[in-house]
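> Quick one, what's the 3D model for this:
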Amino acid sequence: MSVQSTEPSGPGRLAGAGTAWNILLAISLCHMVNDVMQSMLAAIYPLLRTEFSLSYTQIGIMTLAFQVTASLLQPVVGMVTDRHPQPRSLSLGMASTFCGVLLLAFAHQYWVLLTGAMLIGIGSAVFHPESSRVARLASGGRFGTAQSLFQLGGNFGQSLGPLLAAFIVVPLGRPAVAWFAVAAALGVAMLYQVGNWAEGRRRASAAQPDTALRLPRKVVVRAIIVLAVLTFTKNIYGAAMTSYFTFFTIEKFGLGPQGAQLMLFLFLLGMAAGVMLGGIVGDRVGPLKVIWFSILGVLPFTLALPHVGLIPTGILSLVIGLILASAFPVIVVFAQELVPGRTGMVAGLFFGFSFGMGGISAAALGVLADAQGLDLVFLLCSMLPVLGILTIFLPKQDQLGG
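Sure thing, here's the model as predicted:
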């Protein structure tokens, strides 16, 4: 599949440069900051619902405002920066997140909350395609491990959000959210330095030959569609958990806001562990085995979750998060190898479009929850991993040279 790009492709071009662990750590930390802000939005939903008298539908629309904003922009940003890489734009994305967090802290009307959510979405749209490209530039050929380390920061940030909300925002009130803007400001400064490094590395690697594997176009298109569907189903389940799991545990087990946030933390902590393990294992055994295990292997646990008591629910949420998240790093790397030279577009598609579709699902699930209750929402979502059987349509390992 022939494309034009200013980014060189092929696994050999970066291996000789060595893995830039300091850069990977920096973008992982900034990913953590970025996703702390994102998860903060979902984590303060119970507080916002009480303060603004929001319905589940309005909560779903807030998720939609964030995720669809990111969804619409990320693939566009990715396609543009594949041809004209702009690593220095990373700091601008974090600046947008900074502004969104301040709006969430001091909003007095629902539409201001929506604007804050959209600004965080814009920050995510700018951050993910370029930072994923930086992770690949810094990988030294360890693509899965680099992608996992990059995503670990994001998932760890997502898991921190509920804890920070439970122990800082809930006791001190919504204006305490503004303190987290300090972390965003530090992220702006760090990403400015990362952008300068990435521009230098990109120019140095541009002269290396393109040795990337290219499969027939129809095989690539089919594989990308399958990967997008698998990611979409994973993100529907994730959207249900991040948006409504706190309410589910409050209604089912009578937990308070802090207890419910701790239950959500277990799920997000499992996701943070899973995303790190997925890329490392994928580099060793190949991506297909990890995808099969992650998507289909989680099915028994999701089916059991709606029917067990409090302690098993906490354990299952941790296990589900771990298994479910393990596929995402290898899915991204798999897709980037399928479409060489389109790192930004692939990152925009899988971080943006699929997450945006998860946002649409969150809004639809909110409507369903208002009409039929949360029990039905989690019962339906528990069956989504069945679609993991679509993995059979992906190219075999030997077709990818592994």
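
> Leaving out the residues flanking it, which one is nearest to the most centrally placed residue in the chain?
Nearest to the geometric centre of the chain sits F351, at 5.7 Å (Cα atoms, centre = their mean). Nearest non-adjacent residue to F351, counting by Cβ to Cβ, 6 or more residues apart in numbering: H128, 4.0 Å away. C-betas here are computed from N, CA, C, even on glycine.

> which parts of the helix or strand encompassing that neighbour are buried?
Assigned by DSSP states H and E, H128 belongs to helix 110-137. Buried positions in helix 110-137, judged by neighbour count with 16 or more other Cβ atoms under 10 Å: 113-137.

> pull the helix or strand with minimum mean pLDDT from the chain.
helix 12-15 (a mean of 41; mean pLDDT, DSSP states H and E).

> List of residues touching the helix or strand where L191 lies?
Taking DSSP H and E as the criterion, L191 maps to helix 181-205. With contacts defined as Cβ atoms under 8 Å, 6 or more residues apart in numbering, helix 181-205 is touched by 6-8, 13-14, 17, 20, 23, 26-27, 29-30, 33-34, 36-37, 85, 87-91, 93-95, 97-98, 101-102, 105, 127, 130, 133-134, 137-138.

> go on, stretch 286-296?
Counting by Cβ under 8 Å, 6+ apart, 144, 230, 233-234, 274, 278, 281-282, 323-327, 330-331, 333-334, 385-389, 391, 394, 396-397, 402 sit against stretch 286-296.

> re earlier: show me how to select, in PyMOL, the buried members of the contacts of helix 181-205.
Buried residues among the contacts of helix 181-205 (16+ other Cβ under 10 Å), as a PyMOL selection:
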select buried, resi 7+8+13+14+17+20+23+26+27+29+30+33+34+36+37+85+87+89+90+91+93+94+95+97+98+101+102+105+127+130+133+134+137+138
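
> Cross the contacts of helix 181-205 against strands and list the overlap.
Among the contacts of helix 181-205, DSSP state E puts none in strands.

> Which of the contacts of helix 181-205 fall in helices?
13-14, 23, 26-27, 29-30, 33-34, 36-37, 90-91, 93-95, 97-98, 101-102, 105, 127, 130, 133-134, 137 (DSSP state H).

> what about the residue nearest to the centre of the chain, distance to L322?
In this view, F351 and L322 are 20 Å apart by Cβ to Cβ, to the nearest Å.

> now stretch 103-118, how far from the chain's geometric center?
From the chain centre to the centre of stretch 103-118 is a distance of 22 Å (Cα atoms, centre = their mean, to the nearest Å).

> That one: end-to-end distance?
Using Cα to Cα, to the nearest Å, the end-to-end distance of stretch 103-118 comes to 10 Å.

> Give me the contact list for that stretch.
By Cβ under 8 Å, 6+ apart, stretch 103-118 touches 40-41, 44, 48, 52, 54, 58, 61-63, 65-66, 69, 99-102, 119-120, 174-178, 181.

> Stretch 382-390 too?
Counting by Cβ under 8 Å, 6+ apart, 226, 229-230, 233-234, 236-237, 291-292, 294-296, 298-299, 302-303, 305-306, 324 sit against stretch 382-390.

> 7 Å instead?
226, 229-230, 233, 236-237, 295-296, 298-299, 302-303, 305-306 (Cβ atoms under 7 Å, 6 or more residues apart in numbering).

> Repeat that for stretch 30-41.
66, 94, 97, 101, 104, 117, 120, 123-124, 127, 131, 150, 153-154, 156-158, 160-162, 164-165, 177, 180, 183-184, 187, 190-191, 268.

> so how far is that stretch off the chain centroid?
Distance, centroid of stretch 30-41 to centroid of chain: 10 Å (Cα atoms, centre = their mean).

> what about that stretch, average pLDDT?
Across stretch 30-41, the average pLDDT comes to 85.

> Quick check: buried residues in the lengthiest helix in the chain?
Longest helix in the chain, counting residues (DSSP H): helix 217-253. Buried positions in helix 217-253, judged by neighbour count with 16+ other Cβ under 10 Å: 219-220, 223-224, 226-250.

> how near is the residue nearest to F351 to A198?
For H128, the distance to A198 - Cβ to Cβ - is 14 Å.

> How about F98?
With Cβ to Cβ as the criterion, F98 and A198 are 21 Å apart.

> got it, and F334?
Counting by Cβ to Cβ - F334 and A198 are separated by 23 Å.

> now do A95
A95 is 18 Å from A198, by Cβ to Cβ.

> Also R174?
For R174 relative to A198 (Cβ to Cβ), the value is 36 Å.

> Which one's more surrounded, the two?
More neighbours surround A198 than the other of R174 and A198, with 26 against 18 (other Cβ atoms under 10 Å).

> Find the nearest non-adjacent residue to the more buried one, please.
Per Cβ to Cβ, 6+ apart, closest to A198 is P87, 3.7 Å.

> Thanks a lot, catch you later.
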